[in-house]
Structures are given as structure tokens and as C-alpha cells.
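# Build me a model from this:
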Amino acid sequence: MASSLTCAGVVWAFLSFLCAAASCVGFFMPYWLLGSQLEKSVSFGTFRRCSYPVRDETRQTTVMVEQCGRYASFQAIPSAEWRICTVVTGLGCGLLLLVALTALMGCCVSELISRTVGRVAGGIQFLGG
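Okay, here's the model as predicted:
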């Protein structure tokens, strides 16, 4: 297999992939904020939540749903700030994955990544981060 990367480029490619994977896992996990509500442990992230309260109309009480899941819609995310965070973090993870996968392809394909492409990819990683 021919490579268009130097040794430093190969290390950069693998570290980029590991960082992108860690960012995506952190984005998809609902453990950004931990706490308790109605004597139950709760947690939520930008678009996922675990153990959340719902109104039981038949008994006229609030009960805790002890399961993890996504919000029903984008508008169901609690605040505008969390919606913005969801979009920005999702875009950042997408950019990081794009650059990381391109860099990994550069380990296998010659003449895929030039000095200019490497600099642009670094700039995209900076924005993605």
C-alpha cells in the first residue's frame, strides 16, 4: 500500500480518528449532566435523556420514566441553547469524522493528501473541535 502521508501524518491520522470517535461517543451519550429528581438518578445530554419525568394524566401525578431515549422532536429539546449546542456539536463531530476518515484513506492511497490538503484539513479540525 502506498501512502501520501509522512510518519507524522500517519500518527495525525490515527489520533484524529481516535479523537473523532471519542467526540462522537460523547455526543451520543446522555451523561452530560447528572443529578436526581423525585429521588431518582437522572442524566441528559443535548438530545438524549435518561430517567425523565412525565405527567400521568390518569392519576394526575408526575412519574419518572426510567429509561433512556431521544427527545421526541427537535423542538422537544428543553431550551434554545441546548438546540444550538446539539446542532453545533453534531456538525463538529461530522467534520471531525470527515477529516479523520480522509486522513486514514491517505494512509492507503498515494497522492491523496498534499501539503495544502493537510493544512485545510487541520483548519477544518480546528473548526470541528
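# Which other helices and strands does the helix or strand T116 falls within contact?
For T116, the host element (DSSP states H and E) is helix 115-128. Packing partners of helix 115-128 (3 or more C-beta pairs under 8 Å, 6 or more residues apart in numbering; DSSP states H and E): helix 80-106. For the C-beta atoms, the positions are set from N, CA and C on the backbone; glycine is no exception.
# and G128, how many neighbours?
Using other C-beta atoms under 10 Å, G128 has 21 other residues around it.
# Just give the nearest non-adjacent residue to it, would you?
The spatially closest residue to G128, leaving aside those adjacent along the chain, is L95, at 3.5 Å (C-beta to C-beta, 6 or more residues apart in numbering).
# ditto for Q125
With C-beta to C-beta, 6+ apart, the residue lying closest to Q125 is V99, at 5.2 Å.
# The one you found: how many residues sit nearby?
Neighbours around V99, by other C-beta under 10 Å: 25.
# That one and F44, how far apart?
According to C-beta to C-beta, to the nearest Å, V99 stands 29 Å off from F44.
# same deal with S79?
S79 is 12 Å from F44, by C-beta to C-beta.
# These two: who's more crowded?
F44 (21 against 8).
# Quick one: residues contacting that one.
F44 is in contact with 30, 32-33, 50, 52, counting by C-beta atoms under 8 Å, 6 or more residues apart in numbering.
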